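1. Here is a sequence with its predicted model. Questions after.
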Amino acid sequence: MFQNYKNLSGYYLSLNSVIHKLNPQVKLICMILLMSGLLINYNLVIILMYSLVLLPAYQIAKIPLTVLYNSFKPLIWIIFFSSVAHLFTTPGEPLLSIGFLSLTVEGIQKSLILSTRLILIIGFTMLTSLTTSPVNLVEAISSLLKPFSWLRLPVNQFSLMLSLSLRFLPVIYEEAERIKKSQVARGANFSSWSLKSKVNNVVSIIIPMIYSAIIRADDLAIAMEIRGFKIGEKRTRLKETRFNFIDLVILILTIIIFIITFFL
Amino acid sequence: MLYQGGVSRSIVMGISVQNLTHIYNYKLPWEFKALDSISFSVEDGEGFAVLGGAGSGKSTLAQHVNGLLFPTSGKVIVNGTTVKPGVNLLELRKTVGMVFQYPEAQLFGETVFEEVAFGLRNLGFSEEVVESQVQEALNLVGFMPSAIRHRNPLLLSGGEKRKVALAGIIAMKSSILVLDEPTSGLDIRSKKEVLTFLKEYRKANKAIIIYITHSLEEALSICERGIILSEGKQVYQGDLPEYFIKNEDWKYLNIEPPINRGIALTLKEKGLKINDRIITRLELIKEIEKCFKTIKT
């Protein structure tokens, strides 16, 4: 009935590609390095270089760019307003003046660079989540957080919490879709602009969602307890991830790109 | 294989589905064809079953009648109006009431009254009409309105919640009811009550009922005709008992056979010389009597 959960922004797409097969820890490190690079330094050349990394990466991962576009949709207004703000507030050589606002060459450059940078950051994040299964992602995060367990921080509990949250994301999404459809079938109009009906409609989804989430959490806790789950116990993994030659190549290339960023 | 037990008719009042195909995530690498060229029609006052196992496309089909989904290709016509983006969906939803699987999951009202009134208020009915139709709906599903109207719907039993959810749809007085496995998860008594109620509702209102299920027994208690789906394809359309008597491929479609046919088949497997091509309890009794007579002689 609910086949649309794959529309869920950034949800893992099980395809067969080199990027899908990469070590999840490597993918996570690469994503952090590339995002940091974009945040540390930016100019037209850097933006071009990172775009030349991102676009072929999507091709190799066999993910259509429409998926990337769908991920931007909710952020389109943020990108638009930030671009417009930079367009008129950057000092420089004025091209056009409207009252106290002036459009400058520097403004056009900055707004283009900043909006593309935002798109690139989202693109790299999406690429990681679209090509890494939630289980592998959680495993990668917890192994990267492992050093913190020496400081007696609850890394295991955090990973469990994260894996359960990710595991139930599509379930909750499907549930929300189903409840929404049930209310729409009873005449609820979710596209209405009236504040009263908006509040009413949101309540009609949120209350059943919270109710079912509490019941589900309760059932899950009981199911885990009766199968002998104990908080803080050391856990083994069903599948160990491997570090292959291709992982090494990708990691080195990313580090090179990251270092180049400082010199451009 | 397609067994065409009925003919596709062009009708003004009722539902006509013509070559309906639905593909989820169309034109994406993970697109999924849930329905493939489905055609059937349902006339006013008719009970029509949609049978099939899990993942056969039953629920996807149901959502097209209410405008919750639109066809990738083909047409769905409800009372002469083609269901497509841009049509007045609120008007369509006044005509077509839909009950999803486990409808109690949609409950959110503070009281049973508020819950049942939700749909009516959305459709713009006045408070007097809301009051009288909620009372009537609660009565119809077997509640004493004064006793239940102020109770919290989330604190009711499973069967009671289901009835409240049904009342919420029935209160809208829809001339077409689409029911997606409305009895799943209910105990035998509640199941019987729901089925009896639906039967009476159909008779009293001359309503169309589209009943989605994987159990033929349930389908037959409300519907005469139906469609059988398997992996999104139409396997049969027409008289349901006829299909189950004449064919054997239902065994591979994850459909529950009529209970009496099941008993006859088991008796035959055990070595009894019995005609297993039966549907009703009376036919089964007659067959068993025949067997006893043969054994005596």
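-> Thanks, I have it.

2. gap between the closest residue to A:Gln157 other than its chain neighbours and A:Leu164?
-> When the adjacent residues along the chain are set aside, A:Gln157 lies closest to A:Ile231, with 6.3 Å between them (Cβ to Cβ, 6 or more residues apart in numbering or on different chains). For the C-beta atoms, the positions are set from N, CA and C on the backbone; glycine is no exception. When Cβ to Cβ, to the nearest Å is applied, the distance between A:Ile231 and A:Leu164 equals 13 Å.

3. More neighbours: these two, which one.
-> A direct count of neighbours by other Cβ atoms under 10 Å in any protein chain shown for A:Ile231 and A:Leu164 places A:Leu164 higher, at 15 against 9.

4. residue contacts, that one?
-> A:Leu164 makes contacts with A:Leu220, as judged by Cβ atoms under 8 Å, 6 or more residues apart in numbering or on different chains.

5. sec struct for it, please.
-> Under the three-state scheme (DSSP: H, G, I helix; E, B strand; the rest coil), A:Leu164 adopts helix.

6. what pLDDT does it get?
-> We note a pLDDT of 81 for A:Leu164 in this prediction.

7. where's it relative to B:Ala54, distance?
-> In this structure, A:Leu164 and B:Ala54 are 26 Å apart, going by Cβ to Cβ.

8. again with A:Arg152
-> Distance from A:Arg152 to B:Ala54, counting by Cβ to Cβ: 48 Å.

9. Would you map the strands across the stretch 101-250 of chain A?
-> Using DSSP state E, counting those that start in this stretch, the strands of the stretch 101-250 of chain A run over residues A:101-104.

10. What parts of it come near chain B?
-> Residues of the stretch 101-250 of chain A lying close to chain B by Cβ under 8 Å from any Cβ of the partner chain are A:175, A:178-179, A:181-189, A:203-208, A:211-212.

11. List only those of those residues flagged as buried.
-> Under a neighbour-count criterion of 16 or more other Cβ atoms under 10 Å in any protein chain shown, the subset of these counted as buried comprises A:175, A:178-179, A:181-189, A:204-205, A:207-208, A:212.

12. can you tell me which of the residues you listed are in helices?
-> A:175, A:178-179, A:181-185, A:204-205, A:207-208, A:212 (DSSP state H).

13. export those to a markdown table and tack on distance to B:Ile209 and pLDDT?
-> Below are these laid out as a markdown table (distance: Cβ to Cβ, whole Å; pLDDT from 0 to 100):
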| residue | distance to B:Ile209 | pLDDT |
| --- | --- | --- |
| A:Glu175 | 27 | 86 |
| A:Arg178 | 21 | 86 |
| A:Ile179 | 24 | 89 |
| A:Lys181 | 20 | 88 |
| A:Ser182 | 18 | 87 |
| A:Gln183 | 22 | 88 |
| A:Val184 | 21 | 87 |
| A:Ala185 | 15 | 85 |
| A:Ser204 | 26 | 88 |
| A:Ile205 | 28 | 89 |
| A:Ile207 | 29 | 89 |
| A:Pro208 | 26 | 89 |
| A:Ser212 | 28 | 86 |
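
14. B:Leu253 against B:Gly53, yeah?
-> Yes: the pair B:Leu253 / B:Gly53 is scored as a contact, 5.7 Å apart, by Cβ atoms under 8 Å.

15. Residue 15: neighbouring residues, count only.
-> Assuming you mean chain A. A:Leu15 has 14 neighbouring residues, counting by other Cβ under 10 Å.

16. um, chain B though
-> Counted with other Cβ under 10 Å, residues neighbouring B:Ile15 total 24.

17. Enumerate every residue touching the nearest residue to it once chain neighbours are set aside.
-> Counting by Cβ to Cβ, 6+ apart, B:Ile15 lies nearest to B:Val42, which is 4.5 Å off, once chain neighbours are set aside. With contact taken as Cβ under 8 Å, 6+ apart, B:Val42 is in contact with B:Gly14, B:Ile15, B:Ser16, B:Phe48, B:Ile208, B:Ile210, B:Arg225.

18. pLDDT wise, what is B:Pro257 at?
-> B:Pro257 is assigned a pLDDT of 69 by the prediction.

19. And for B:Gly124?
-> On pLDDT, B:Gly124 comes in at 84.

20. A:Gly10 now?
-> According to the prediction, A:Gly10 has pLDDT 58.

21. cool, and B:Leu267?
-> What the model reports as pLDDT for B:Leu267 is 86.

22. what helix or strand is it on?
-> Per DSSP states H and E, B:Leu267 falls inside helix B:259-269.

23. what's the distance between that helix and the middle of its chain?
-> 26 Å (Cα atoms, centre = their mean, to the nearest Å).

24. Give me the contact list for that helix.
-> B:217, B:244-245, B:257, B:274-281, B:283-284, B:287-288, B:291.

25. Give me the below-cutoff pLDDT ranges for the chain.
-> Using chain A here. Across chain A, the stretches falling below the confidence threshold (pLDDT under 70) are A:1-10, A:232.

26. that's the other chain; I wanted chain B
-> Residue ranges of chain B with pLDDT under 70: B:1-12, B:257.

27. what does it have sitting close to chain A?
-> B:24-25, B:28-30, B:32, B:34, B:59-60, B:63, B:66, B:68, B:90, B:93-94, B:97-98, B:100-101, B:103, B:105-108, B:118-119, B:122-123, B:154, B:168-169, B:172.

28. From those residues, list the buried ones, please.
-> By the neighbour-count criterion of 16+ other Cβ under 10 Å, these include these buried positions: B:24, B:28, B:34, B:59-60, B:63, B:66, B:68, B:93-94, B:97-98, B:100-101, B:103, B:105-108, B:118-119, B:122-123, B:154, B:168-169, B:172.

29. What is the burial count for B:Arg277?
-> The tally of other residues near B:Arg277 (other Cβ under 10 Å) stands at 13.

30. Contacts only, for it.
-> Counting by Cβ under 8 Å, 6+ apart, B:Arg277 touches B:Ile245, B:Lys246, B:Arg261.

31. ok, B:Phe40 to chain A distance?
-> 20 Å (Cβ to the nearest Cβ, to the nearest Å).

32. Tell me if I am right that that residue is in a strand.
-> Yes: if the criterion is three-state DSSP, then B:Phe40 is within a strand.

33. That one contacts B:Ile227, doesn't it?
-> Yes: contact status for B:Phe40 versus B:Ile227: in contact at 5.2 Å, counting by Cβ under 8 Å.

34. shared neighbours, those two?
-> Jointly contacting B:Phe40 and B:Ile227 under the rule Cβ under 8 Å, 6+ apart are B:Phe48, B:Gln234, B:Gln237.
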